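Colleague: Could you look at this predicted model? Sequence included:
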Amino acid sequence: MTDSLLPPKTGKRRLFALGFASPGPYRKWRNGLKIIPWLIGTILMDFSQRFDSHVQRVDAWLDRLLREAALSDQTDQGARAVVPADISPSTPENNRLVTAMHYAATNGGKRLRPVLVIETAALFGVPPDACLNAAAAIECVHCYSLVHDDLPCMDNDSLRRGQPTVWKAYDEWTAILAGDALLTLAFELLSRPDTHGDGDVRLALIATLAKASGASGMAQGQAMDLAASALSEHVQLDLRHVKLLQALKTGALIEAACLFGALLGQGDANAKASLQRFGQALGLAFQISDDLLDQEGNAQVVGKATGKDTAAGKATFVSLLGLEGARRELRAALEDANAALSEFGARADPLRDIATFIAQRQH
């Protein structure tokens with residue numbers, strides 16, 4: 001990460017109280033020697049190192065998972081009978097669909113959502129490596145949404161993370177199928193026994209992600225956004241409508257990422273409610289900062305086209321409130337996010353840093 005991405009408190013070392021007495025299934029980790037190397041490393045890392053460490057861990061896991069998605073020695077006999085012998089089973093290069101999935105999921109990105117999974121789970125003593133399937137699942141859903149969002153029938157974008165979008169790099173049908181495959185891979189990951197030893201927890205993770213990504217969440221928000229764009233010449237959306245739209249389109253998946261941590265750590269109802277409020281406020285802050293970047297950001301730094309919302313006449317926080325009004329709304333959302341973490345004390349400092357990072361981000 002570049003310095004511009006880091007909150008102002010980076011460069012300082014913090015001691016993170018990790019709450020050894022908190023409830024959860026990882027008591028044997030917390031009370032045993034297995035957690036000591038992770039604990040020491042966590043204490044000595046500042047925010048930038050900690051964030052980068054999570055990003056590298058998630059990137060490596062996504063790469064591994066997507067390479068495993070290529071044809072392997074586990075392919076059933078019927079499939080092997082029709083697969084040419086010269087296809088390498090261990091790499092995605094010979095599989096156009098998996099290559100496109102790999103391109104979509106590993107071609108940069110902030111990894112905000114999987115880092116939120118890891119950091120919220122840390123409140124309950126869950127080690128990062130125990131979060132990787134859940135973190136990768138939520139990132140797969142996020143990447144699928146971007147692949148489809150960029151399609152000509154939706155936002156018609158050619159640039160994403162500074163690179164050609166999937167449909168531009170491949171073609172539309174490959175982009176559609178790659179998005180579909182990333183979405184379904186997410187639920188496969190959550191169903192795996194190594195995601196969590198408790199089947200009820202795995203079921204709760206699946207239900208949470210399904211609700212956040214479907215007609216009660218992200219997909220509905222995208223539908224509302226596209227409909228609003230089509231009606232922009234005839235209907236003037238108000239702030240209440242824009243907040244609802246963005247809470248579904250952007251906020252639902254961020255909220256789910258925060259709930260994932262409480263589910264993995266088997267937190268109580270109060271902890272889940274607090275992290276849900278944090279996720280809601282964080283999702284609002286993220287969208288407001290996104291609207292500000294669309295208005296003021298540099299396309300080369302942002303990694304995608306800017307000024308599109310203004311050109312299309314879309315209702316955004318900036319168009320409704322003005323630049324200064326949007327900044328005030330962003331500060332209020334940040335305050336709400338921090339307030340939601342009060343019960344966790346200093347253990348939630350990494351999450352507070354993430355909220356600051358979102359408010360100050362340059363892409």
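Modeller: Perfect, I can see it now.
Colleague: in the stretch 151-300 of the chain, which spans are strands?
Modeller: For the stretch 151-300 of the chain, the strands defined by DSSP state E, counting those that start in this stretch occupy 159-160, 163-164.
Colleague: from these, which stretch is densest packed?
Modeller: strand 159-160 (a mean of 20; mean count of other C-beta atoms under 10 Å). For glycine as for every other residue, the C-beta is placed from the backbone atoms N, C-alpha and C.
Colleague: and that one, what's its mean pLDDT?
Modeller: The pLDDT scores in strand 159-160 average 89.
Colleague: Then stretch 316-336?
Modeller: pLDDT averaged over stretch 316-336 gives 93.
Colleague: From the chain's centroid, how far away is it?
Modeller: The chain centroid and the centroid of stretch 316-336 are separated by 22 Å under C-alpha atoms, centre = their mean, to the nearest Å.
Colleague: Can you point out the buried residues in that stretch?
Modeller: Using 16 or more other C-beta atoms under 10 Å as the test for burial, stretch 316-336 gives 316-321, 326-327, 329-330, 333-334, 336.
Colleague: Can I get it in PDB? Just the C-alpha atoms.
Modeller: Only the C-alpha atoms of stretch 316-336 are listed here, as PDB (Å, rounded to 0.1, in the frame of the first residue of the first chain):
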ATOM      1  CA  THR A 316     -25.300  10.800  -5.600                       C
ATOM      2  CA  PHE A 317     -24.400  12.100  -2.200                       C
ATOM      3  CA  VAL A 318     -22.400  14.800  -3.900                       C
ATOM      4  CA  SER A 319     -25.100  15.800  -6.400                       C
ATOM      5  CA  LEU A 320     -27.700  16.000  -3.500                       C
ATOM      6  CA  LEU A 321     -25.500  17.500  -0.800                       C
ATOM      7  CA  GLY A 322     -22.700  19.200  -2.600                       C
ATOM      8  CA  LEU A 323     -19.000  18.500  -1.900                       C
ATOM      9  CA  GLU A 324     -19.000  20.000   1.600                       C
ATOM     10  CA  GLY A 325     -22.300  18.500   2.600                       C
ATOM     11  CA  ALA A 326     -21.100  15.100   1.400                       C
ATOM     12  CA  ARG A 327     -17.900  15.500   3.500                       C
ATOM     13  CA  ARG A 328     -20.000  16.300   6.600                       C
ATOM     14  CA  GLU A 329     -22.100  13.200   5.900                       C
ATOM     15  CA  LEU A 330     -18.900  11.200   5.700                       C
ATOM     16  CA  ARG A 331     -17.600  12.500   9.000                       C
ATOM     17  CA  ALA A 332     -20.900  11.700  10.600                       C
ATOM     18  CA  ALA A 333     -20.800   8.100   9.200                       C
ATOM     19  CA  LEU A 334     -17.300   7.800  10.500                       C
ATOM     20  CA  GLU A 335     -18.400   8.900  14.000                       C
ATOM     21  CA  ASP A 336     -21.200   6.400  13.900                       C
END
